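# Pasted the sequence and its predicted model underneath.
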Amino acid sequence: MSVKSLGHVVLKVRDLAVSVPFYRDVLGLHEVARYGHTMVFFSLGTNHHDLALMALGADAPAPSPDSVGLYHVAFKVGDSLDALRAMRDHLMQQGVPVLGMSDHTVSQSLYISDPDGIEIELYVDADPSVWRDNPQAVAAIRPLDLDR
């Protein structure tokens, strides 16, 4: 037996009224369902849901940066650096700061935070032959300049 694919991710957030517009309106995820006032489910179109948000309340503490747990969630935003540039420009128009940009050889990425400080990676893949021919390439990190 082995796992066949990643099914979905559930993130704990403080306030759905703040987080839902970020994931729906800024990132463009499609809201598909709600469970009372505590959960909202989003789909990217191929699964019943890919992401869910679970509200904990305004007083929920943030996790310590050095604690065990989720580091970030990554969403593919297209197939080219032009798509990544368009996402960067969209984020800037929405007032969402880009915290970092990286060239991982196998992909190129922008890093942002959601309203609760959860790190989000937005990326495009490079040619798949890069990692198929050299799986170690996935461990590369270099600065990315989208303006050159």
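Now that the structure is in, tell me what you want to look at.

# for the chain, what spans make up the helices?
16-21, 81-93, 129-133 (DSSP state H).

# Tell me the buried residues in the longest one?
Burial within helix 81-93, assessed by neighbour count using 16 or more other CB atoms under 10 Å, is assigned to 83-84, 87-88, 91. Where you see a C-beta, it was placed from the backbone N, CA and C, and this is true even at glycine.

# Please convert the helices of the chain to JSON lines, extending it with distance to residue 139 and mean pLDDT.
As requested, those are exported to JSON lines (distance: least, CB to CB, whole Å; pLDDT from 0 to 100):
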{"stretch": "helix 16-21", "distance to residue 139": "32", "mean pLDDT": "98"}
{"stretch": "helix 81-93", "distance to residue 139": "21", "mean pLDDT": "97"}
{"stretch": "helix 129-133", "distance to residue 139": "10", "mean pLDDT": "90"}
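
# I'd like the ones you listed written out as CSV, with distance to residue 113 added.
Formatted as CSV, the entries for these read as follows, by distance: least, CB to CB, whole Å:
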stretch, distance to residue 113
helix 16-21, 12
helix 81-93, 11
helix 129-133, 27
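
# Determine which of these approaches residue 47 most closely.
The closest of the helices of the chain to residue 47 is helix 16-21. By CB to CB, the value is 18.5 Å.

# wait, what's in contact with the residue lying closest to residue 85 once chain neighbours are set aside?
If the residues on either side of it in the chain are set aside, residue 85 comes closest to residue 146, at 5.1 Å by CB to CB, 6 or more residues apart in numbering. Contact analysis of residue 146 by CB atoms under 8 Å, 6 or more residues apart in numbering lists 81, 84-85, 88, 101.
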